[in-house]
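A.B. asks: Provide a 3D model corresponding to the input given below.
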Amino acid sequence: MTKISILGCGWLGLPLAKRLIEKGNSVNGSTTSENKLSILKNAGINPFLVTLSEVEGNVESESTSENITNFLAESEILIIDIPPKLRAVDPSTEKKAFVEKIKNLIPFIEKSAVNKVLFVSSTSVYGDDNDFITEETSANPDTESGKQLVLAENLLRENQNFETTIVRFGGLIGEDRHPVKFLAGKENLENPDAPINLIHLKDCIGIIKAIINQSKWNEVFNAAAPFHPSRETYYTQKAKDLNLVLPKFSSEKTNIKKIISSEKIETVLSYKFQLDEY
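C.D. replies: Residues are numbered from 1 along each chain as shown. Okay, here's the model as predicted:
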């Protein structure tokens, strides 16, 4: 039995924890909401209330420090699955709030039994000026969230006290989450010919489990399904399938050619994507 801590039991973290428990692992799970502690407990997760400080050089309060320490206690693997919260960024100082959270977390990891970290990142670390993207492609993010993710990735990868694997997921979809629901009925949508780069919740969980089971550490994986129809083709068909108002695209808008390669996932992990979910 492996003891695993999951920082952030949200849309991905909660079902991931359940699957890991089903496979005989013990899981500590964190939430920032006191109301969610009972949900984690009822799922068989050891629940912890953990809020990371975004203040540079912050010394955590005694109670917060104790919570983080107990959350990491005896765990060999830490999965970090918390998204950057850009509303916390102070534009006047260009402060990297998310990066500071990771920076403030690292000393707790160093003092714990954790020797392997899996950091959930995003393919937004690659700029839209790239066409075909592999793990060898240089990160050149266009967005603030992408920039913060790259800085956080580097902080973890450069630390010699533990091994870190980065998983950069494409656009997240699942039964309760799909971008077509936000695009339905909208007009003049950009990039009709741009290829989609999506990843289903089931594949997110499957890939993380494969990394853990095969001990693939000190790696970077891009994770998007090898299924890249154009935005216009895909979202029009999805809207029809779900009986939604069809989105309308503008051919005058700039097109992006960005395709995320999944070859490393398929070869190194021998992973088979569940393409019928797309």
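A.B. asks: Enumerate every residue touching the nearest residue to residue 251 once chain neighbours are set aside.
C.D. replies: Closest residue in space to residue 251, ignoring its immediate chain neighbours: residue 192 at 6.1 Å, by C-beta to C-beta, 6 or more residues apart in numbering. All C-beta spots, glycine's among them, are computed from the backbone N, C-alpha and C. The contact partners of residue 192, taken as C-beta atoms under 8 Å, 6 or more residues apart in numbering, are 230, 231, 232, 249, 250, 251, 253, 255.
A.B. asks: Just checking, which of those residues comes out lowest on pLDDT?
C.D. replies: Checking pLDDT across those, the minimum falls on residue 253 at 68.
A.B. asks: returning to what we had before: just among the contacts of residue 192, which is most surrounded?
C.D. replies: Counting neighbours by other C-beta atoms under 10 Å, residue 249 comes out on top of these with 23 neighbours.
A.B. asks: pLDDT score for the residue most central in space within the chain?
C.D. replies: With distances taken as C-alpha atoms, centre = their mean, the chain has residue 120 as the residue nearest its mean C-alpha position (3.6 Å). According to the predicted model, the pLDDT of residue 120 comes to 98.
A.B. asks: what residues does stretch 126-136 touch?
C.D. replies: Under C-beta under 8 Å, 6+ apart, the answer for stretch 126-136 is 123, 137, 139-142, 146, 220-222, 256-261, 263-264.
A.B. asks: Next step: these restricted to helices.
C.D. replies: Among the contacts of stretch 126-136, the ones falling in helices (DSSP state H) are 146, 263, 264.
A.B. asks: related to what we said a few turns ago, in strands, which of the contacts of stretch 126-136 fall?
C.D. replies: When DSSP state E defines the strands, the subset of these inside them is 220, 221, 222, 259, 260.
A.B. asks: Count the neighbours of residue 117 for me.
C.D. replies: Residues near residue 117, counting by other C-beta under 10 Å, number 24.
A.B. asks: so when I look at residue 208, I'm seeing a helix, right?
C.D. replies: Yes. The assignment for residue 208, made by DSSP: H, G, I helix; E, B strand; the rest coil, places it in a helix.
A.B. asks: I'd assumed residue 167 was in contact with it.
C.D. replies: Yes. With contact defined as C-beta atoms under 8 Å, residue 208 counts as touching residue 167 (6.7 Å).
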